[in-house]
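predicted coordinates and the sequence they were generated for:
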Amino acid sequence: MGPPGSGKGTQAAVVARHLGIPAISTGDIFREHVAAGTPLGREAETYMERGHYVPDSVTNEMVRSRLTEADAVRGFILDGYPRTVPQVEFLDEVLTAQDVELDRVLLLTVDVEEVVGRLKRRAGAQGRHDDDEEIIRHRLRLFAEQTAPLAAEYERRGLLVRVDGMGAIDEVAARMLAAATDDGAEAAEPASGATGAASGVQSSVDGTAGRA
Ligand code: ADP
């Protein structure tokens, strides 16, 4: 979890690569559908371009179906989902049905002005229509109102780990890996990182499956 521009997508990809599991980004899936012009993409686009959330009914079914794909069987990272209370409840049901438990929830913390600056640069670099300033501010408000409260729920469950999202990508990545793996300190060490992460992965992935 983290506000728009906090680096969720970048960091989810780093952690997923280290753990050998897929990073499932609802934003990316929606953008793929938009690019391919599917009916789902045409519907999602009307919300995304205004910086609104896509309705839970649409998003939830998309995630349910993605989680049943073969590569997600040994573990997964969700990036940008859940974002609303009903999405949390839906995810609980889907995971219970699959006998899977969430290992943890990582919350990337950043300061708002830094995030607005990052998103404006991304608008220039990637041409994302939802990255112009007025829409950025709307998405940040939406995050504060609808998504930030989910952190409290996951904290109550003892799953939440806050990760400082300020600094260079590789510094944040080291913190993310430390927070994501049981063997965090080792995984964050560049020299022994590969081995540390790999064993951390194994136990973490097995942890998920083991509780299955
Ligand atoms: P960001 O986190 O920077 O807003 P994303 O790529 O994660 O970027 O999401 C882009 C857009 O996709 C969101 O503004 C929203 O319209 C839609 N979206 C992504 N995930 C969800 C979700 N879980 N629920 C509803 N809408 C979503």
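It's in. Residues are numbered from 1 along each chain as shown.

what about the most centrally placed residue in the chain, distance to the ligand?
Per C-alpha atoms, centre = their mean, the C-alpha nearest to the average position across the chain is that of Asp79, at 1.7 Å. Asp79 sits 7 Å away from the ligand when distances are taken as C-beta to the nearest ligand atom, to the nearest Å. Bear in mind the C-beta positions are built from the backbone N, C-alpha and C, glycine included.

tell me the bridge partners for that residue.
Ser25 (DSSP bridges).

I figured it was touching Ile29, is that so?
No - at 10.0 Å, Asp79 does not count as touching Ile29 under the criterion of C-beta atoms under 8 Å.

how about this protein: which residue is closest to the ligand?
Gly27 (2.0 Å; C-beta to the nearest ligand atom).

which residue ranges of this structure form strands?
With DSSP state E as the criterion, the chain has strands at 23-25, 77-79, 105-109, 160-164.

how about the ones you listed in JSON lines, adding mean pLDDT?
JSON lines is the format used below for those (pLDDT from 0 to 100):
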{"stretch": "strand 23-25", "mean pLDDT": "98"}
{"stretch": "strand 77-79", "mean pLDDT": "97"}
{"stretch": "strand 105-109", "mean pLDDT": "96"}
{"stretch": "strand 160-164", "mean pLDDT": "96"}
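
need the residues of this structure near the ligand, please.
4-5, 8, 26-27, 30, 47-48, 51-54, 59, 80-81, 83, 87, 130, 139 (C-beta under 6 Å from any ligand atom).

give me that answer again for 5 Å
Within the chain, the positions adjacent to the ligand are Pro4, Thr26, Gly27, Phe30, Met48, Tyr53, Val54, Thr59, Gly80, Tyr81, Arg83 by C-beta under 5 Å from any ligand atom.

per-residue confidence for the third one?
Model confidence at Gly27, given as pLDDT, is 95.

do the first one as well
For Pro4, the model assigns a pLDDT of 92.

wait, it sits on Ile136?
Yes - counting by C-beta under 8 Å, Ile136 is a contact partner of Pro4 at 6.7 Å.

shared neighbours of the two, anything?
Jointly contacting Pro4 and Ile136 under the rule C-beta atoms under 8 Å, 6 or more residues apart in numbering are Leu119.

now the helices for the chain?
8-19, 26-36, 39-48, 56-67, 85-97, 112-126, 133-142, 148-156, 169-180, 184-187, 193-210 (DSSP state H).

between those, which gets the lowest average pLDDT?
helix 193-210 (a mean of 31).

about what we covered before: contacting residues for the residue nearest to the centre of the chain?
Neighbours of Asp79 in contact, by C-beta under 8 Å, 6+ apart: Lys8, Gly9, Ala12, Ala23, Ile24, Ser25, Thr26, Gly27, Asp28.

just the buried subset of the residues you listed, please.
Those of the contacts of Asp79 that meet the buried threshold are Lys8, Ala12, Ala23, Ile24, Ser25, Thr26, Gly27, by 16 or more other C-beta atoms under 10 Å.
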